[in-house]
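Asker: Just to be clear, the model below is a prediction. Sequence and coordinates:
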Amino acid sequence: RTGNLYFSEWNNSESCGENNPHRMWRITPEGDGMDTPWREASNCSNGLDLDSEGRVVVAENDMITRVYPDLHMDTLLQHDDFWEINDVTVASTGDLLFSNFSRGDVDYVSAEGVASRINENFFTPNGVEWHEESGLRYVNHQGEIVVFDVGENGSVSNRRRFADDGGDGITIDENGNVYV
């Protein structure tokens with residue numbers, strides 16, 4: 001975590017590919033990287049997070065990948081049931097939480113590969129995050145943000161409204177402040 005800013009350039013097109021690359025950018029604290037994409041043709045990359053070793057974890061249409069500084073990649077998750085993965089967050093343990101925008105689901109996959117679906121009648125979940133210290137999961141959903149308590153096995157309970165206004169994406173800083 002050197003202070004780099006990572007983000008996806010996502011244009012409003014139905015397809016990805018050579019003519020519509022959906023690029024990823026990395027801007028350094030010195031301003032390097034503003035002229036050249038960090039990763040071209042990134043398979044509809046959307047939500048990003050950093051894992052505990054500072055590698056970029058990416059929601060890419062039908063999979064979740066981990067991108068290393070030299071740009072080689074690992075596929076962390078890919079399945080026919082997951083398409084239009086919108087946002088992802090990764091815990092220090094390697095557990096993943098991600099939203100499927102079109103299907104309206106939020107899914108959890110433990111570092112051991114055990115999957116569960118948080119099906120709470122989301123219409124368009126557009127941002128997921130958790131605050132490990134407090135054991136809370138946040139979902140940016142249809143103009144509001146909801147929060148859940150998290151059990152030891154990844155189960156959720158006690159859904160409640162956190163904020164009346166939502167947006168596109170969500171993150172939490174080291175002090176537990178929520179940003180949309």
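Answerer: Here it is on my side, so go on.

Asker: When you work out contacts or count neighbours from here on, use the C-alpha atoms and nothing else.
Answerer: Will do.

Asker: Ser99 is in contact with Val88, isn't it?
Answerer: Yes. Using CA atoms under 8 Å, Ser99 is in contact with Val88, at 6.7 Å.

Asker: Give me the common contacts of these two.
Answerer: 127-128 (CA atoms under 8 Å, 6 or more residues apart in numbering).

Asker: Can you pick out the residue with more neighbours from the two?
Answerer: Ser99 (32 against 28; other CA atoms under 10 Å).

Asker: For the more buried one, which three-state class applies?
Answerer: Each residue gets one of three states, and Ser99 gets strand by DSSP: H, G, I helix; E, B strand; the rest coil.

Asker: Tell me how many other residues crowd the closest residue to Gly169 other than its chain neighbours.
Answerer: Closest residue in space to Gly169, ignoring its immediate chain neighbours: Gly127 at 4.0 Å, by CA to CA, 6 or more residues apart in numbering. When neighbours are counted by other CA under 10 Å, Gly127 registers 27.

Asker: Equivalent analysis for Gly113, please.
Answerer: 13.

Asker: Next up, phi/psi of it, please.
Answerer: Main-chain dihedrals, Gly113, degrees, to the nearest 10: phi 90, psi 10.

Asker: quick one: the residue located most distally from the centre of the chain from Gly3, how far?
Answerer: Distance to the chain centre peaks in the chain at Glu30, reaching 25.6 Å (criterion: CA atoms, centre = their mean). Separation of Glu30 from Gly3 (CA to CA, to the nearest Å) stands at 10 Å.

Asker: Find me whatever residue is spatially closest to Val146, sequence neighbours aside.
Answerer: With sequence-adjacent residues excluded and distances taken as CA to CA, 6+ apart, Val146 is closest to Arg161, at 4.5 Å.

Asker: That neighbour and Gln142 touch, don't they?
Answerer: No. Here Arg161 does not reach Gln142: they are 11.9 Å apart, not a contact under CA under 8 Å.

Asker: higher neighbour count, those two?
Answerer: Neighbour count, other CA under 10 Å: between Arg161 and Gln142, Gln142 has more, with 17 against 13.

Asker: per-residue confidence at that one?
Answerer: If you check Gln142, the pLDDT there is 76.

Asker: Give the full set of residues in contact with it.
Answerer: 122-126, 166.

Asker: Tell me the pLDDT of Ile118.
Answerer: On the pLDDT scale, Ile118 gets 78.

Asker: can you check the one 5 residues further on too?
Answerer: Phe123 carries a pLDDT value of 76.

Asker: Tell me the buried residues in stretch 113-123?
Answerer: 117-118, 122 (16 or more other CA atoms under 10 Å).

Asker: next one: stretch 56-72
Answerer: For stretch 56-72, the neighbour count (16+ other CA under 10 Å) marks 56-67 as buried.
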